[in-house]
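1. just to be clear, the model below is a prediction. Sequence and coordinates:
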Amino acid sequence: MAKKKIEGIYNVKNVKTRKRDEWFSVDTEKLNPQVLEMKKIMEAKVIGQRKAINELTKSLTRAMVKLEDPKKCRPLGNFIFLGPTGVGKTEAAKAVAEVHVGYFGALTYVNCAEFGQQHTVLRLVGAPPSYIGYGDMPLLAQAKIDAPFLEYRFPEFKELNRKLKTLEAEYKKEAAYNSNEENEVKKKEIKALLKKIREFRKKIGGIEIPSVILFDEVEKACPEFFRILLSIFEEGQLSTTTHGVTSFKNSIIILTGNIEGKEISNLVARKGKVGFEVETRSPERLQVDIDKKVEEGVSKIFPDEFIGRVNGNGGIIAFSPLTDQEKFEIAELQITNFALDALGKRYAGEEKIIIQYYAKELIPFILSRTNPKFGARDIIGVLQANVFNPFKQAISSGGIVAGDVVHFAVENNQVKFIRAKRQPKATEGKNGQSNAVKSLPEELAEYLARGAANDRKKS
């Protein structure tokens, strides 16, 4: 049988393997096409973490082929992303959701900082009778973790879920001030919507709903929190108090943490020097030292049986601090995303606003105002404060209008917006001459000439 290797897996139809006197088969042609392009998708979303992405994509590709005993209900993968703040751990989790669920960021988010006390863990499985919160939907209820995929695939479900969230928020906000009759009316409306959602889910029964659950800042959670996760890793299911059993068979579980993040940043900040800076670390040795720091941090926080279950069905992945070049690329990507998302969706065709800038001038100015210990998160904050918010203010005040060409210039230690009207398309006149407007505003012409001269000097 001819074999064609694609991204680490064999594209062979009806692969069969013998196990416990039973035949299990998988048709790799039925795999989500995004799985085969997983590495490219993730590298486009997450900058500067090639080693981490390589490890992650290998594990996920093996998991999604599903050559496992179907009787087992363990999650598809259990992963711990560790590293300093602002290096792309959450972005990597959102990229995994794009591959597995269908769109970027389609995940169930749990902030572990909210589970520092033992009693708060009840929010995951639901409060028992007579306790505050009894009857509320737990954070890990089946309906919660399935919602991102169902909203993506079925617009009618998205509308039902939106109405339910609105009603529940109104009820919690106004219950203390409303009469019993008014509260009962709200409760009936909520129950009616829940019934419609259950009926909708029955109609689409039989679909294996994919999900990604992200537990952020896991080092801040209490020990009881880890005991619940331990049972999920082993059994792949969780019993809630009022909403039945949640299955994680088609789920990818990701935990993120800043364990040993400060020490890892210090390693890189010393630029690979050892001792009194006599010996220089090679990149390979530096990575070994980073991995060692991560292992030390993991052993302090997680129990051994917890680490064993993660390594047996996924892995612990270390994220490295960002280099200056990687920060430069991230800043460029953020400006591009702003132009595409904020402006491209609002203005189209001849009405669109065009943004231009010299990367060698603008990006170093932005990076000079960031704090290195906050990673990419600080880059976004500085861009918001110095570029995006003033630009939005200029649009709202009428200083920039649809159809403008705007250049981001750095002058007097601040970003200045130099505006010009877009030149009309050239049309042929009576004598065969072009009628296109060739003149530029004097201020803009000087800026462009200065930028071109600077580029020539740097080259």
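-> Arrived safely.
2. where in the stretch 151-300 of the chain is pLDDT low?
-> 206, 260-284, 286-287 (pLDDT under 70).
3. show me what contacts Met42?
-> For Met42, the contact set (C-beta atoms under 8 Å, 6 or more residues apart in numbering) comprises Ile53, Leu56, Thr57, Ala92, Ala95, Val96, Val99. In this view, the C-beta of every residue, glycine as well, is placed from N, C-alpha and C.
4. likewise for Ala331?
-> Ala331 neighbours (C-beta under 8 Å, 6+ apart): Ile363, Ile366, Leu367, Ile379, Leu383.
5. on that earlier part again, pipe the contacts of Met42 into CSV and attach distance to Phe157 per row.
-> Shown next, in CSV, are the contacts of Met42 (distance: C-beta to C-beta, whole Å):
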residue, distance to Phe157
Ile53, 32
Leu56, 30
Thr57, 30
Ala92, 27
Ala95, 24
Val96, 22
Val99, 22
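6. which ones among the contacts of Ala331 map onto helices?
-> Ile363, Ile366, Leu367, Ile379, Leu383 (DSSP state H).
7. any chance of those in CSV, plus neighbour count and pLDDT?
-> Listed next are those as CSV, based on neighbours: other C-beta atoms under 10 Å; pLDDT from 0 to 100:
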residue, neighbour count, pLDDT
Ile363, 21, 91
Ile366, 23, 91
Leu367, 17, 91
Ile379, 24, 91
Leu383, 22, 92
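8. what about the spatially closest residue to Tyr134 that is not a sequence neighbour, how many residues nearby?
-> The shortest distance from Tyr134 to any non-neighbouring residue, by C-beta to C-beta, 6 or more residues apart in numbering, is to Ala127 (4.6 Å). Other residues near Ala127 come to 17 when the count uses other C-beta atoms under 10 Å.
9. centroid-nearest residue for this protein?
-> Lys94 (2.7 Å; C-alpha atoms, centre = their mean).
10. wait, which of the ones in helices among the contacts of Ala331 is closest to Phe81?
-> Nearest to Phe81 among these is Ile379, at 19.5 Å by C-beta to C-beta.
11. residues contacting the closest one?
-> Going by C-beta under 8 Å, 6+ apart, Ile379 touches Lys327, Ile330, Ala331, Gln334, Ile366, Leu367, Thr370.
12. re the thing from before, just name the closest of the contacts of Ala331 to Ile290, please.
-> For the contacts of Ala331, the nearest to Ile290 is Ile379 (21.6 Å; C-beta to C-beta).
13. please report how far the closest one lies from Asn337.
-> 12 Å (C-beta to C-beta, to the nearest Å).
14. which of the contacts of Met42 sits closest to Phe408?
-> Distances from Phe408 to the contacts of Met42, taken by C-beta to C-beta, are shortest for Ala95, at 28.0 Å.
15. toward the C-terminus, what is the element adjacent to the one helix or strand Ile53 maps to?
-> Using DSSP states H and E, Ile53 maps to helix 50-65. Next in sequence after helix 50-65, counting helices and strands by DSSP H and E, comes strand 77-82.
16. that next one to helix 50-65, inter-axis angle?
-> Angle of strand 77-82 versus helix 50-65, following axes from the mean of the first three to the mean of the last three C-alpha atoms, to 10 degrees, is 170 degrees.
17. so, low pLDDT: which residues of the stretch 301-450 of the chain?
-> Within the stretch 301-450 of the chain, the stretches with pLDDT under 70 are 341-351, 421-450.
18. ranges for the strands of it?
-> With DSSP state E, counting those that start in this stretch as the criterion, the stretch 301-450 of the chain has strands at 314-318, 354-357, 404-411, 414-421.
19. so which of these is nearest Leu164?
-> strand 314-318 (32.6 Å).
20. returning to that earlier point: mind listing what's buried in the helix holding Ile53?
-> 52-53, 55-65 (16 or more other C-beta atoms under 10 Å).
21. before we move on, what about stretch 116-128?
-> For stretch 116-128, burial by neighbour count (16+ other C-beta under 10 Å) applies to Val121, Leu122, Arg123, Leu124, Val125, Gly126, Ala127.
22. ok, now which ones touch the third one?
-> Going back to what we said before, that points to Arg123. Glu114, Phe115, Gly133, Pro138, Leu139.
23. out of these, which are buried?
-> Applying 16+ other C-beta under 10 Å to the contacts of Arg123 flags Phe115, Pro138, Leu139 as buried.
24. among these, name the ones in strands.
-> Assigned to strands by DSSP state E, none of those qualify.
25. where along the stretch 201-350 of the chain do the helices fall?
-> 223-235, 261-269, 283-301, 304-312, 324-337 (DSSP state H, counting those that start in this stretch).
26. would you list those in a markdown table and tack on distance to Met38?
-> Output for the helices of the stretch 201-350 of the chain, formatted as a markdown table (distance: least, C-beta to C-beta, whole Å):
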| stretch | distance to Met38 |
| --- | --- |
| helix 223-235 | 22 |
| helix 261-269 | 26 |
| helix 283-301 | 22 |
| helix 304-312 | 20 |
| helix 324-337 | 19 |
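27. out of the ones you listed, which gets nearest to Ala402?
-> It's helix 324-337; of the helices of the stretch 201-350 of the chain, that one is closest to Ala402 (C-beta to C-beta) at 19.6 Å.
28. then the closest one to CSV, C-alphas only?
-> The C-alpha trace of helix 324-337 is given here as CSV (Å, rounded to 0.1, in the frame of the first residue of the first chain):
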residue,chain,number,x,y,z
ASP,A,324,13.8,42.0,19.9
GLN,A,325,13.2,40.8,16.4
GLU,A,326,10.1,38.8,17.4
LYS,A,327,8.8,41.9,19.3
PHE,A,328,9.3,43.9,16.1
GLU,A,329,7.2,41.4,14.1
ILE,A,330,4.5,41.3,16.8
ALA,A,331,4.2,45.1,16.7
GLU,A,332,3.9,45.0,12.9
LEU,A,333,1.2,42.3,13.1
GLN,A,334,-0.8,44.3,15.6
ILE,A,335,-0.8,47.4,13.3
THR,A,336,-1.8,45.1,10.4
ASN,A,337,-4.7,43.6,12.4
